[in-house]
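K.L.:
Sequence and predicted structure below; questions after.
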Amino acid sequence: MGNIYWVYLVLALCFGLFVNTLGQEDSDSDTITAVYIVTLKQAPAAHYFEEELRRQSHHHGFNHGSTSGRLNRLHKPRNNSRTHQRSSSYISRVHDSLLRRALKGEKYLKLYSYHYLINGFAVLVTPEQADKISRRREVANVVLDFSVRTATTHTPEFLGLPKGAWSQEGGYQTAGEGIVIGFVDTGIDPTHPSFADDASEHSYPVPAHFSGICEVTWDFPSGSCNRKLVGARHFAASAITRGIFNSSQDYASPFDGDGHGTHTASVAAGNHGIPVVVAGHHFGNASGMAPRSHIAVYKALYKSFGGFAADVVAAIDQAAQDAVDIISLSITPNRRPPGIATFFNPIDMALLSAVKAGIFVVQAAGNTGPSPKSMSSFSPWIFTVGAASHDRVYANSIILGNNVTIPGVGLAPGTDADKMYTLISALHALCNDTTLANDMYVGECQDSSNFNQELIQGNLLICSYSIRFVLGLSTIKQALQTAKNLSAAGVVFYMDPFVIGFQLNPTPLKMPGIIIPSPDDSKILLQYYNSSLERDGLSRKIVRFGAVASISGGLKANYSISAPKIMYYSARGPDPEDSFLDDADIMKPNLVAPGNSIWAAWSSLGTDSVEFQGESFAMMSGTSMSAPHIAGFAALIKQKFPHFSPAAIASALSTTASLYDKNGGPIMAQRAYTNPDLNQSPATPFDMGSGFVNATSALDPGLILDSTYDDYMSFLCGINGSAPVVLNYTGENCWVYNSTIGGADLNLPSITIARLNQSKTVERSVTNIVGNETYKVGWSAPYGVSVKVTPTHFFIGMGEKQVLTIIFNATMNHTVASYGRIGLFGNQGHNLNIPISVIVKFSYNATNG
């Protein structure tokens, strides 16, 4: 979900490329082969380890019988690497034997054996061979592989970490220490100072529970890992079999040739106090949200093609086996999973097993907003994060000679104060032998040999910014080099009118300059420029350039804007339950976090953003940047509450989220690609989930709503017709679960009812993790619904539980979603927020007409 340089054309091109990679030609025949993910009926290793943990461990701390957390850090059989090696070797041989028996001498290529979270393998075969495999009695499920894609100096201060969450737990010097975050992304640049283990006098400990390794290759040499970067692997077998892996730019190693993975890892866990210097300008010091946590990298995405589910599942499986505490996924599928429910896909089901093993899983919501049902992260056991702004902006502007000021972007110095400079259009400064007929793109200033230096020297050069910049065919850097070669005083880019629906991030410029992102503002600039030209009456040649201007510069940050607000690109709910776009009784996103204009580390060879090539930091936007913020906060919670289940961590983050911006007003949500700040309204739970993350309050939530693996299984078994699919993915029979539940009945820190037929009663169970406290209960009802919550007040002792009963009654027929909230207000200062959404309401029995 990386940088938001989106134009509809680009999206269409990218989608076409992904679709064309789904089939490959067999070298020996015309038969089409493809990668299939095969799941076996026998349970994977993690399930057996979980049973062993149940027998050996005495439940203590918060979980109270939950089987989803790692309850006793002294008894963790899944960290015995030798046991894993023997187990994985045996399971791999079982997979090989099955393939030999099923295909009987036919050609095939096994890519991976999955053995920890799911028992299965990825294999390159023909559709006919896949059918043969599916008919084996040992086989539960065969799924065609699918493609996936990728979805900070000031945010710690904006989030209140230095005086809040960090200071409460000993300062940034220990924030997150001992917690391992696993990143499934584009890899990492191990040479970056954000990942050094000698950045402070306080040495990093060795995380004893982690059993991962560090791959060694020519571009990821021995010594790349350390006590900060504790593990690194890469997974590309599915991509290689398709013939699309380019080792010269994708790197067959954990090294990050893209930049995205380096960026996300440093947002969550980068070292504290690393200077951010870009284009020779200093923009402050960077820090991850949990700067002392450890990083483990599982590279499964690549610059040239994105990634594939088979590789991602292998990465997740390995991360869980290595015993990471948190998995951060800044990736989403390229299409909505087919089948009876979106939850049933190889990635989400592997993550369910990870959650069962006690691993907190966070995923980017996707950059497909702002339309409803644009969500790309589906399952209730996954913590889904949308993108919001923070209050830092870099404002640049150009002041014209007619006293009109035009806003723009550009991390650039300004021109000399109190001096105006002549404006010269590139189209009016061509050499005698250069014409538009020879080069229709000459106005983009990509070649200094096309221009008359005598005209441009000491003046401001005007260049056009077209779709070619978006596609990478022209670059800002090359235009700046042209301006430098011609001795220009600065450069001004105006937006081509054909570039619509385009949002431009601040771009580093090494000389005075500005980019005007608005086509309308660009027209104002050009009208002033053209009206100020003096031409010869007969020849119509220009005899004088009369337009003048100065550039204010965009290096100084402004912190006065209202924030946060939900970004236009952040994917929205309702959560689609299936490919028919039926709504699930699950609220997505879970919450929002900073995701716009985020400074963070950049790979020395990163190419994802051409304007930051060669830099050590980059400013990126997207839900990819939001998810690692939450991964870092989860590390802080896990450090303070080591026995919290994944659901408990999710609850702490959700119930304490903020509903208001920094000025006390409602959080706003952008509603359109074009002019997003002019098209906004108050955010709903389908825009922001529970609200904007409050890291400090999340470390002291008071009450927790917990859920277990068994709860999620009961939910999956409650989906109509799901029993065979559940058996296929988990190896478990739904009849084991005596009762099934709907999504609204899961003990989540939110309530969503997609279809309220007259009335419905749900319950929520809260557990007190602090001292004795008395709570009052208040609520606001969604439009068209009456709500009653009992009890309306209660006393709860430490470790005790309290069940809240919530009765919903439809008071009218209404098909538009409406929203409410339940608030729990403790007399010791703990306040909890539980958002409510009800979509379709029927005040009469819809089934009877």
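P.N.:
Yep, it's here.
K.L.:
what about the closest residue to residue 559 other than its chain neighbours, neighbour count?
P.N.:
Nearest residue to residue 559, sequence neighbours excluded (CB to CB, 6 or more residues apart in numbering): residue 391, at 5.1 Å. The way it works is simple: take the backbone N, C-alpha and C, and place the C-beta from them, glycine included. By other CB atoms under 10 Å, the residues close to residue 391 number 21.
K.L.:
for residue 446, same thing?
P.N.:
With other CB under 10 Å as criterion, residue 446 counts 19.
K.L.:
Provide a list of residue ranges in the stretch 151-300 of the chain with pLDDT below threshold.
P.N.:
151-174, 176 (pLDDT under 70).
K.L.:
Pull out the buried positions in stretch 828-845.
P.N.:
Under the neighbour-count criterion of 16 or more other CB atoms under 10 Å, stretch 828-845 has 830, 832-843 buried.
K.L.:
picking that back up, quick one, what contacts the residue nearest to residue 559?
P.N.:
By CB atoms under 8 Å, 6 or more residues apart in numbering, the contact list for residue 391 reads 158, 559, 560, 561, 562, 563, 564, 662.
K.L.:
Can you add secondary structure, pLDDT and distance to residue 814 and give the buried residues of stretch 828-845 back as JSON lines?
P.N.:
Output for the buried residues of stretch 828-845, formatted as JSON lines (DSSP: H, G, I helix; E, B strand; the rest coil; pLDDT from 0 to 100; distance: CB to CB, whole Å):
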{"residue": "830", "secondary structure": "coil", "pLDDT": "96", "distance to residue 814": "34"}
{"residue": "832", "secondary structure": "strand", "pLDDT": "97", "distance to residue 814": "28"}
{"residue": "833", "secondary structure": "strand", "pLDDT": "97", "distance to residue 814": "24"}
{"residue": "834", "secondary structure": "strand", "pLDDT": "98", "distance to residue 814": "22"}
{"residue": "835", "secondary structure": "strand", "pLDDT": "98", "distance to residue 814": "18"}
{"residue": "836", "secondary structure": "strand", "pLDDT": "98", "distance to residue 814": "15"}
{"residue": "837", "secondary structure": "strand", "pLDDT": "97", "distance to residue 814": "13"}
{"residue": "838", "secondary structure": "strand", "pLDDT": "96", "distance to residue 814": "9"}
{"residue": "839", "secondary structure": "strand", "pLDDT": "95", "distance to residue 814": "9"}
{"residue": "840", "secondary structure": "strand", "pLDDT": "91", "distance to residue 814": "7"}
{"residue": "841", "secondary structure": "strand", "pLDDT": "89", "distance to residue 814": "5"}
{"residue": "842", "secondary structure": "strand", "pLDDT": "91", "distance to residue 814": "9"}
{"residue": "843", "secondary structure": "coil", "pLDDT": "84", "distance to residue 814": "9"}
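K.L.:
quick one, strands of the stretch 451-600 of the chain?
P.N.:
460-465, 490-495, 513-516, 533-535, 542-545, 548-551, 557-558, 565-566, 591-594, 598-601 (DSSP state E, counting those that start in this stretch).
K.L.:
Now those in CSV, please, with extra columns for mean pLDDT, distance to residue 128 and mean neighbour count.
P.N.:
Shown next, in CSV, are the strands of the stretch 451-600 of the chain (pLDDT from 0 to 100; distance: least, CB to CB, whole Å; neighbours: other CB atoms under 10 Å):
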stretch, mean pLDDT, distance to residue 128, mean neighbour count
strand 460-465, 96, 51, 26
strand 490-495, 95, 53, 27
strand 513-516, 94, 54, 29
strand 533-535, 93, 71, 12
strand 542-545, 92, 71, 14
strand 548-551, 96, 65, 24
strand 557-558, 80, 61, 14
strand 565-566, 96, 48, 28
strand 591-594, 96, 47, 32
strand 598-601, 92, 47, 28
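K.L.:
Quick one: closest of those strands to residue 722.
P.N.:
strand 591-594 (27.9 Å; CB to CB).
K.L.:
Output the contacting helices and strands for the closest one.
P.N.:
strand 383-388, helix 623-640, helix 685-688 (3 or more CB pairs under 8 Å, 6 or more residues apart in numbering; DSSP states H and E).
K.L.:
most neighbours per residue, which of those?
P.N.:
Greatest average neighbour count among those goes to strand 383-388 (a mean of 33), per mean count of other CB atoms under 10 Å.
K.L.:
Show the average pLDDT along the helix or strand following it.
P.N.:
Using DSSP states H and E, the helix or strand that follows strand 383-388 in sequence is strand 393-394. Across strand 393-394, pLDDT averages out at 84.
K.L.:
can you check stretch 781-788 too?
P.N.:
Averaged over stretch 781-788, pLDDT sits at 96.
K.L.:
neighbouring contacts of it?
P.N.:
With CB under 8 Å, 6+ apart as the criterion, stretch 781-788 contacts 756, 779, 806-812, 814, 818-820, 836-838, 841.
K.L.:
Including distance to residue 452, could the strands of the stretch 451-600 of the chain go into JSON lines?
P.N.:
JSON lines is the format used below for those (distance: least, CB to CB, whole Å):
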{"stretch": "strand 460-465", "distance to residue 452": "11"}
{"stretch": "strand 490-495", "distance to residue 452": "16"}
{"stretch": "strand 513-516", "distance to residue 452": "20"}
{"stretch": "strand 533-535", "distance to residue 452": "16"}
{"stretch": "strand 542-545", "distance to residue 452": "12"}
{"stretch": "strand 548-551", "distance to residue 452": "19"}
{"stretch": "strand 557-558", "distance to residue 452": "38"}
{"stretch": "strand 565-566", "distance to residue 452": "46"}
{"stretch": "strand 591-594", "distance to residue 452": "46"}
{"stretch": "strand 598-601", "distance to residue 452": "39"}
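K.L.:
For residue 112, find the nearest of those.
P.N.:
Using CB to CB, the strands of the stretch 451-600 of the chain put strand 598-601 closest to residue 112, at 29.5 Å.
K.L.:
Could you list the paired strands of the closest one along with their orientation?
P.N.:
strand 617-620 (antiparallel) (DSSP bridges).
K.L.:
Run through the bridge partners of residue 599.
P.N.:
residue 619.
K.L.:
Wait, it touches residue 275, no?
P.N.:
No. If you go by CB atoms under 8 Å, residue 599 and residue 275 don't touch, sitting 11.1 Å apart.
K.L.:
Poorly predicted segments of the stretch 1-150 of the chain, please.
P.N.:
By pLDDT under 70, the low-scoring segments of the stretch 1-150 of the chain are 1-31, 43, 45-87, 150.
K.L.:
Pop out the phi and psi values for residue 280.
P.N.:
Backbone geometry at residue 280, expressed as degrees, to the nearest 10, gives phi 80, psi 0.
K.L.:
Quick check: residue 347 vs residue 538, distance?
P.N.:
From residue 347 across to residue 538, the span is 71 Å (CB to CB, to the nearest Å).
K.L.:
the more surrounded of these two?
P.N.:
Under the criterion of other CB under 10 Å, the comparison of residue 347 against residue 538 puts residue 347 first, with 25 against 6.
K.L.:
before we move on, which element is the more buried one in?
P.N.:
Using DSSP H and E, residue 347 falls in helix 346-356.
K.L.:
returning to that earlier point: and of the strands of the stretch 451-600 of the chain, who's closest to residue 760?
P.N.:
strand 591-594 (24.5 Å).
K.L.:
C-alpha coordinates for that closest one, CSV please?
P.N.:
The C-alpha trace of strand 591-594 is given here as CSV (Å, rounded to 0.1, in the frame of the first residue of the first chain):
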residue,chain,number,x,y,z
LEU,A,591,-9.1,1.9,13.6
VAL,A,592,-6.9,4.4,11.8
ALA,A,593,-3.4,5.6,12.3
PRO,A,594,-1.0,8.1,10.7
